[in-house]
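1. give me the fold of what follows.
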Amino acid sequence: MKHIINRLTLLILFAVATFACSDEERIPEFENGPNVRIILDAASAKVNSGSDLSQAKIKFDLYSENSDLNEVDIRVQLNKTGTPVSIIKFTQADFDNGGKMIKGAELTLTQVATVLNLPGGLAGFKNKDELTFFNFTTMMNGVTYPSPTIGKGNTNLSPAIKGANATTSFTSSFLVVFN
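-> Numbers count the residues shown, from 1 in each chain. A predicted model of the protein is given here:
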(Lines give C-alpha, C1' and ligand atoms only; values in the text may rest on other atoms or scores of the structure.)
Protein backbone atom coordinates (compact mmCIF):
# COMPACT_ATOMS: atom_id res chain seq x y z
CA MET A 1 0.00 0.00 0.00
CA LYS A 2 2.84 2.36 0.88
CA HIS A 3 4.38 1.60 -2.52
CA ILE A 4 1.12 2.55 -4.33
CA ILE A 5 0.78 5.80 -2.34
CA ASN A 6 4.39 6.77 -3.21
CA ARG A 7 3.81 6.08 -6.90
CA LEU A 8 0.50 7.96 -6.90
CA THR A 9 2.15 10.92 -5.14
CA LEU A 10 4.98 10.95 -7.68
CA LEU A 11 2.48 10.76 -10.53
CA ILE A 12 0.50 13.70 -9.14
CA LEU A 13 3.69 15.75 -8.62
CA PHE A 14 4.81 14.93 -12.16
CA ALA A 15 1.41 16.00 -13.58
CA VAL A 16 1.45 19.27 -11.59
CA ALA A 17 5.03 20.02 -12.69
CA THR A 18 4.18 19.30 -16.32
CA PHE A 19 1.15 21.59 -16.40
CA ALA A 20 2.79 24.28 -14.26
CA CYS A 21 5.55 24.82 -16.82
CA SER A 22 4.80 27.20 -19.65
CA ASP A 23 6.36 27.78 -23.01
CA GLU A 24 7.12 31.39 -22.13
CA GLU A 25 9.41 32.89 -24.72
CA ARG A 26 12.23 34.72 -23.01
CA ILE A 27 14.02 35.91 -26.15
CA PRO A 28 12.13 38.65 -28.02
CA GLU A 29 11.34 38.20 -31.68
CA PHE A 30 14.07 39.48 -33.97
CA GLU A 31 13.09 42.78 -35.56
CA ASN A 32 14.31 43.99 -38.92
CA GLY A 33 16.10 47.30 -39.12
CA PRO A 34 15.57 49.85 -41.85
CA ASN A 35 16.51 49.22 -45.43
CA VAL A 36 16.58 52.69 -47.01
CA ARG A 37 19.15 53.28 -49.71
CA ILE A 38 19.52 56.73 -51.27
CA ILE A 39 21.30 57.23 -54.58
CA LEU A 40 22.24 60.81 -55.42
CA ASP A 41 22.09 61.74 -59.10
CA ALA A 42 25.72 62.28 -60.14
CA ALA A 43 24.89 65.64 -61.75
CA SER A 44 23.51 66.84 -58.39
CA ALA A 45 26.63 66.10 -56.38
CA LYS A 46 28.28 69.39 -57.41
CA VAL A 47 26.71 72.80 -57.82
CA ASN A 48 28.44 75.50 -59.82
CA SER A 49 28.20 78.50 -57.49
CA GLY A 50 28.52 80.85 -60.50
CA SER A 51 25.45 79.41 -62.24
CA ASP A 52 21.79 80.40 -61.87
CA LEU A 53 21.12 78.81 -58.46
CA SER A 54 17.37 79.36 -58.81
CA GLN A 55 17.38 76.59 -61.45
CA ALA A 56 19.62 74.17 -59.52
CA LYS A 57 18.06 70.94 -58.25
CA ILE A 58 19.29 68.11 -56.10
CA LYS A 59 17.90 64.84 -57.48
CA PHE A 60 17.99 61.43 -55.84
CA ASP A 61 16.28 58.05 -55.79
CA LEU A 62 15.26 56.10 -52.69
CA TYR A 63 14.90 52.32 -52.42
CA SER A 64 13.51 50.21 -49.58
CA GLU A 65 12.53 46.58 -49.05
CA ASN A 66 10.80 47.44 -45.76
CA SER A 67 7.07 47.27 -45.23
CA ASP A 68 7.20 48.83 -41.76
CA LEU A 69 8.53 52.35 -42.35
CA ASN A 70 6.70 55.10 -40.54
CA GLU A 71 8.74 57.99 -41.93
CA VAL A 72 11.93 58.71 -43.84
CA ASP A 73 12.94 62.23 -42.84
CA ILE A 74 15.65 63.79 -45.01
CA ARG A 75 17.43 66.59 -43.14
CA VAL A 76 20.02 69.08 -44.38
CA GLN A 77 22.95 70.84 -42.74
CA LEU A 78 25.21 73.56 -44.18
CA ASN A 79 28.97 73.22 -43.70
CA LYS A 80 28.58 70.69 -40.89
CA THR A 81 27.41 73.34 -38.44
CA GLY A 82 24.25 73.48 -36.39
CA THR A 83 21.52 70.91 -36.16
CA PRO A 84 20.28 69.29 -39.38
CA VAL A 85 16.87 70.65 -40.44
CA SER A 86 14.07 68.55 -41.94
CA ILE A 87 13.51 69.33 -45.62
CA ILE A 88 11.42 66.45 -47.06
CA LYS A 89 9.64 63.40 -45.65
CA PHE A 90 8.46 60.13 -47.15
CA THR A 91 6.17 57.41 -45.78
CA GLN A 92 5.73 53.70 -46.39
CA ALA A 93 2.90 54.57 -48.79
CA ASP A 94 5.33 56.57 -50.95
CA PHE A 95 7.54 53.50 -51.31
CA ASP A 96 4.58 51.17 -51.84
CA ASN A 97 3.16 53.39 -54.60
CA GLY A 98 6.49 53.29 -56.43
CA GLY A 99 7.10 49.55 -56.19
CA LYS A 100 9.53 49.78 -53.22
CA MET A 101 11.24 52.85 -54.70
CA ILE A 102 10.88 56.59 -55.10
CA LYS A 103 12.44 57.64 -58.38
CA GLY A 104 13.35 61.23 -59.19
CA ALA A 105 12.86 62.90 -55.81
CA GLU A 106 14.17 66.44 -56.04
CA LEU A 107 14.85 69.49 -53.96
CA THR A 108 15.53 72.98 -55.25
CA LEU A 109 18.28 75.11 -53.78
CA THR A 110 15.57 77.67 -53.02
CA GLN A 111 13.91 75.07 -50.74
CA VAL A 112 17.26 74.35 -49.10
CA ALA A 113 18.03 78.06 -48.52
CA THR A 114 14.55 78.55 -47.06
CA VAL A 115 14.69 75.68 -44.54
CA LEU A 116 18.22 76.66 -43.53
CA ASN A 117 17.03 80.25 -43.08
CA LEU A 118 20.12 81.26 -45.06
CA PRO A 119 20.85 85.02 -44.85
CA GLY A 120 20.50 86.39 -48.36
CA GLY A 121 18.60 83.32 -49.55
CA LEU A 122 20.23 81.74 -52.60
CA ALA A 123 22.87 84.50 -52.64
CA GLY A 124 24.02 83.20 -49.24
CA PHE A 125 25.54 80.08 -50.81
CA LYS A 126 29.25 80.42 -51.47
CA ASN A 127 31.98 78.53 -53.25
CA LYS A 128 33.22 75.54 -51.19
CA ASP A 129 29.95 75.32 -49.22
CA GLU A 130 28.85 71.78 -48.41
CA LEU A 131 25.31 70.56 -47.94
CA THR A 132 25.10 67.31 -46.00
CA PHE A 133 21.78 65.48 -46.24
CA PHE A 134 20.94 62.98 -43.50
CA ASN A 135 18.50 60.07 -43.48
CA PHE A 136 16.52 59.73 -40.24
CA THR A 137 14.21 56.74 -40.63
CA THR A 138 11.51 55.90 -38.07
CA MET A 139 10.03 52.42 -38.07
CA MET A 140 6.38 51.59 -37.21
CA ASN A 141 7.56 50.38 -33.78
CA GLY A 142 8.90 53.89 -33.02
CA VAL A 143 12.63 53.15 -33.32
CA THR A 144 14.52 55.82 -35.26
CA TYR A 145 17.77 55.18 -37.12
CA PRO A 146 20.24 56.60 -36.36
CA SER A 147 19.59 57.40 -32.72
CA PRO A 148 21.85 57.43 -29.66
CA THR A 149 22.39 54.28 -27.66
CA ILE A 150 23.86 53.77 -24.24
CA GLY A 151 27.42 55.03 -24.21
CA LYS A 152 29.04 58.20 -25.41
CA GLY A 153 29.03 58.70 -29.16
CA ASN A 154 27.34 55.43 -30.09
CA THR A 155 24.30 55.05 -32.35
CA ASN A 156 22.11 52.15 -33.31
CA LEU A 157 23.85 52.02 -36.71
CA SER A 158 27.11 50.18 -36.89
CA PRO A 159 30.18 52.22 -37.92
CA ALA A 160 30.42 50.11 -41.09
CA ILE A 161 26.94 51.25 -42.15
CA LYS A 162 27.23 54.81 -40.90
CA GLY A 163 30.55 55.37 -42.67
CA ALA A 164 29.58 53.71 -45.94
CA ASN A 165 28.05 55.79 -48.69
CA ALA A 166 25.64 54.00 -51.04
CA THR A 167 27.30 50.61 -50.49
CA THR A 168 24.95 49.19 -47.89
CA SER A 169 21.24 48.77 -47.38
CA PHE A 170 21.03 52.02 -45.40
CA THR A 171 22.38 55.36 -46.60
CA SER A 172 22.95 57.56 -43.56
CA SER A 173 24.01 60.70 -45.49
CA PHE A 174 25.02 62.17 -48.83
CA LEU A 175 26.96 65.30 -49.74
CA VAL A 176 26.43 68.13 -52.25
CA VAL A 177 29.31 70.60 -52.72
CA PHE A 178 29.54 74.02 -54.33
CA ASN A 179 32.47 74.72 -56.65
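
2. CA only for contacts and neighbour counts going forward, please
-> Noted.

3. bridged to the residue sitting nearest the centre point of the chain, which residues?
-> Residue closest to the mean C-alpha point of the chain, counted by Cα atoms, centre = their mean, is T137 at 2.9 Å. Going by DSSP bridges, T137 is paired in beta bridges with V72, Y145.

4. surely it meets D68?
-> No: applying Cα atoms under 8 Å as the test, T137 and D68 come out as separate, 10.6 Å apart.

5. what is in contact with the two at once?
-> Both T137 and D68 lack any common contact, where contact means Cα atoms under 8 Å, 6 or more residues apart in numbering.

6. spit out the contact partners of N48.
-> F178, N179.

7. state the distance from it to I39.
-> 20 Å (Cα to Cα, to the nearest Å).

8. how about N135?
-> Distance from N135 to I39, by Cα to Cα: 12 Å.

9. who's more crowded, these two?
-> N135 (22 against 16; other Cα atoms under 10 Å).

10. let me see the contact set for that one.
-> Counting by Cα under 8 Å, 6+ apart, N135 makes contact with V72, D73, I74, R75, T171, S172, S173.

11. and those residues as JSON lines, adding neighbour count, pLDDT and secondary structure?
-> Shown next, in JSON lines, are the contacts of N135 (neighbours: other Cα atoms under 10 Å; pLDDT from 0 to 100; DSSP: H, G, I helix; E, B strand; the rest coil):
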{"residue": "V72", "neighbour count": "23", "pLDDT": "96", "secondary structure": "strand"}
{"residue": "D73", "neighbour count": "18", "pLDDT": "97", "secondary structure": "strand"}
{"residue": "I74", "neighbour count": "19", "pLDDT": "97", "secondary structure": "strand"}
{"residue": "R75", "neighbour count": "20", "pLDDT": "96", "secondary structure": "strand"}
{"residue": "T171", "neighbour count": "24", "pLDDT": "87", "secondary structure": "coil"}
{"residue": "S172", "neighbour count": "24", "pLDDT": "85", "secondary structure": "coil"}
{"residue": "S173", "neighbour count": "20", "pLDDT": "89", "secondary structure": "strand"}
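
12. out of the residues you listed, who's nearest I102?
-> Looking at the contacts of N135 and their distance to I102, the nearest is V72, at 11.5 Å (Cα to Cα).

13. gap between that closest one and M140?
-> On the measure of Cα to Cα, V72 and M140 end up 11 Å apart.

14. same check on T110?
-> 32 Å.
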